[in-house]
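**Student:** Model the structure of this input:
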Amino acid sequence: MRRFMYALSLASILLTSQNVFAQSDDPILSLPEGQVILNISATERQEVEQDLLIATLSVSETHREASIVQDTLNSLMSKALDKAKKVKDIKVSTGQYRVNETTDARTREKQWRGQQSVTLKSLNSSALLELAGDLQEMGLKMDSLDYTLSPETAIKIQDKMMEAALEQLQTRATRAAKALGKSKAELREVNVQSSNVPYHQIQRSYAAPMAEMASMAAPVAAAGESTLSLSVNARAIIKP
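**Tutor:** Below you'll find the model as predicted:
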């Protein structure tokens with residue numbers, strides 16, 4: 001019985017010590033007399049016109065001979081890249097190169113199917129749309145045409161939003177200090193969270209017969225808007 005009481009008393013002492021230690025970590029308990037902690041937050045939102053146009057086009061071929069499929073892909077993609085790289089202000093990159101053997105569901109004939117894509121990105125939408133039209137005339141298929149906000153523009157806008165949010169928080173903290181009869185407010189432990197930039201799909205089209213290619217007009221696109229949001233949470237110390 002004595003051992004049980006001793007163990008119980010020791011557990012009570014340890015629990016009390018842990019509670020005291022936890023309370024000593026509380027910033028409110030360690031504040032100098034007269035100071036106050038204020039938790040505040042602010043959110044900024046802004047509609048921004050999208051400025052980066054992204055087009056993805058692809059070339060595909062189906063044939064009984066794998067070598068013919070690959071030769072067609074290589075030849076057409078090489079011509080497309082040569083033309084694209086001559087246009088200024090357009091970033092060009094190729095996608096995955098795939099050649100797979102397939103079986104026709106009706107005839108059970110085995111064939112090879114190949115595909116490769118190329119992606120164009122530019123802030124100069126007119127130049128990109130003209131190039132995309134030229135590539136379509138060469139035989140490439142438009143897979144997608146998307147407007148989005150460029151990372152550079154997004155960062156620039158979000159930096160301005162952060163500055164506005166911090167100014168708003170400082171103003172609110174100062175007003176709170178005045179309402180409490182205090183003279184000074186300082187922001188502490190600032191945390192900034194921003195939203196991702198969404199894509200806005202303009203159109204998606206499919207391969208047209210080669211007879212239609214000669215008269216095909218260049219694709220068109222109109223920029224939309226992206227909504228950027230940014231939240232700032234802060235802890236302010238209000239002093240006498």
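
**Student:** check contacts around the closest residue in space to L53 that isn't next to it in sequence.
**Tutor:** Nearest in space to L53, with sequence neighbours left out and distances taken as CB to CB, 6 or more residues apart in numbering, is S125 at 4.5 Å. Where C-beta positions appear, they are placed from N, C-alpha and C, glycine not excepted. If you count contacts by CB atoms under 8 Å, 6 or more residues apart in numbering, S125 has them with 53, 221, 223.

**Student:** can you count the residues close to T56?
**Tutor:** Residues lying near T56 (other CB atoms under 10 Å) number 20.

**Student:** Surely it touches Q115?
**Tutor:** No. Using CB atoms under 8 Å, T56 is not in contact with Q115, being 11.9 Å away.

**Student:** Show me what the longest helix seen in the chain is packed up against.
**Tutor:** The single longest helix within the chain, with elements called by DSSP state H, is helix 151-179. Using 3 or more CB pairs under 8 Å, 6 or more residues apart in numbering; DSSP states H and E, the elements in contact with helix 151-179 are strand 36-49, strand 184-194, strand 225-239.

**Student:** Same list (those strands) but as JSON lines, adding mean neighbour count, mean pLDDT and distance to T171.
**Tutor:** Formatted as JSON lines, these follow (neighbours: other CB atoms under 10 Å; pLDDT from 0 to 100; distance: least, CB to CB, whole Å):
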{"stretch": "strand 36-49", "mean neighbour count": "14", "mean pLDDT": "94", "distance to T171": "10"}
{"stretch": "strand 184-194", "mean neighbour count": "14", "mean pLDDT": "92", "distance to T171": "10"}
{"stretch": "strand 225-239", "mean neighbour count": "19", "mean pLDDT": "93", "distance to T171": "11"}
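
**Student:** Serialize the ones you listed to JSON lines and add fields for distance to S93.
**Tutor:** As requested, the helices and strands packed on helix 151-179 are exported to JSON lines (distance: least, CB to CB, whole Å):
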{"stretch": "strand 36-49", "distance to S93": "25"}
{"stretch": "strand 184-194", "distance to S93": "26"}
{"stretch": "strand 225-239", "distance to S93": "22"}
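
**Student:** And those: which comes nearest L129?
**Tutor:** strand 36-49 (17.0 Å; CB to CB).

**Student:** Packing partners of the closest one?
**Tutor:** Contacts defined by 3+ CB pairs under 8 Å, 6+ apart place strand 36-49 against helix 151-179, strand 225-239.

**Student:** Please repeat the previous calculation with a cut-off of 10 Å.
**Tutor:** Applying 3 or more CB pairs under 10 Å, 6 or more residues apart in numbering; DSSP states H and E, one finds that strand 36-49 contacts helix 151-179, strand 184-194, strand 225-239.
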